[in-house]
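Chemist: test case, fold it:
(one chain, ligands or ions: 1)
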Amino acid sequence: MAHEENIEQAGLLEEEQIAEFIHHAGQIEHPREMIIDILRAIQKNHGWVPDEGVELTATILGLTALEVEEIATFYDKIYRKPVGRYPIHICDSICCWSRGGEELAAHLQEKLGVALGQTTADGLFTLLPSCCLGGCGRAPGVMVDQRFYGNQNAEEIEKLIEKLRQEAAA
Ligand code: FES
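Modeler: From the prediction side, this is the model:
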């Protein structure tokens with residue numbers, strides 16, 4: 001296990017967060033369980049997880065960077081490239097397809113002027129296709145900030161975009 005003083009945090013985590021993660025990792029049998037927690041904390045502070053964040057996580061947990069990277073790239077809610085303030089995950093699975101998901105994705109791309117995978121010029125929104133978001137009963141849906149918004153259509157999604165724009169401007 002790494003010592004705190006050896007960790008180059010590069011502003012990705014607060015010192016107290018690092019100390020807390022190290023303490024917690026020392027108390028559990030499989031520190032790998034904490035990979036996502038640490039990556040999420042880095043993402044919350046920094047907006048996305050740069051290579052230094054993967055290395056920092058590995059150092060905290062006494063793992064290799066590759067072990068962390070395997071998890072980081074498996075979960076599509078961990079961003080390994082810069083994203084907008086609000087990454088919008090558009091469900092790209094069958095229940096949503098069958099209930100207008102493709103039209104919803106097309107509408108969002110037209111409304112925001114970006115293709116899937118791109119970020120709006122104002123840095124607010126990134127559109128990301130995702131596998132089933134777990135809200136099939138309310139398909140079609142999108143996820144923003146860990147929250148699922150179901151029963152979406154052109155009108156509802158425009159309201160959501162407007163609400164997020166206002167939140168960003170507040
Ligand atoms: S298929 Fe879209 S939420 Fe499950």
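
Chemist: CA atoms only: put the strand or helix carrying A19 into CSV for me.
Modeler: According to DSSP states H and E, A19 maps onto helix 15-25. Extracted in CSV, the C-alpha atoms of helix 15-25 (Å, rounded to 0.1, in the frame of the first residue of the first chain):
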residue,chain,number,x,y,z
GLU,A,15,-5.5,15.6,0.5
GLU,A,16,-8.3,14.5,2.9
GLN,A,17,-9.9,12.4,0.2
ILE,A,18,-6.6,10.6,-0.5
ALA,A,19,-6.1,10.0,3.2
GLU,A,20,-9.7,8.7,3.5
PHE,A,21,-9.3,6.4,0.6
ILE,A,22,-6.0,5.0,1.8
HIS,A,23,-7.5,4.4,5.2
HIS,A,24,-10.5,2.7,3.8
ALA,A,25,-8.4,0.6,1.4
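
Chemist: so for it, mean pLDDT?
Modeler: Mean pLDDT, helix 15-25: 96.

Chemist: what ranges does the protein have for its strands?
Modeler: Taking DSSP state E to define them, one finds strands in the chain at 86-91, 125-130, 142-144, 147-149.

Chemist: among those, which is the most enclosed?
Modeler: strand 86-91 (a mean of 22; mean count of other Cβ atoms under 10 Å). For every residue, glycine as well, the C-beta is placed using N, CA and C.

Chemist: look up how far D92 lies from the spatially most central residue of the chain.
Modeler: By Cα atoms, centre = their mean, the chain has its centre lying nearest to K77, at 3.3 Å. Going from K77 to D92 by Cβ to Cβ, to the nearest Å gives 14 Å.

Chemist: this structure against the ligand: which residues are in contact?
Modeler: For the chain, the residues in contact with the ligand (Cβ under 6 Å from any ligand atom) are C91, S93, I94, C95, C96, C132, L133, G134, G135, C136, A139, G141.

Chemist: now list the buried members of those residues.
Modeler: C91, S93, C95, C96, L133, G135, C136, A139, G141 (16 or more other Cβ atoms under 10 Å).

Chemist: just checking, F125 touches L116?
Modeler: No. Applying Cβ atoms under 8 Å as the test, F125 and L116 come out as separate, 11.6 Å apart.

Chemist: residue contacts, Y149?
Modeler: By Cβ atoms under 8 Å, 6 or more residues apart in numbering, Y149 lies in contact with G141, V142, M143, E156, I157, L160.
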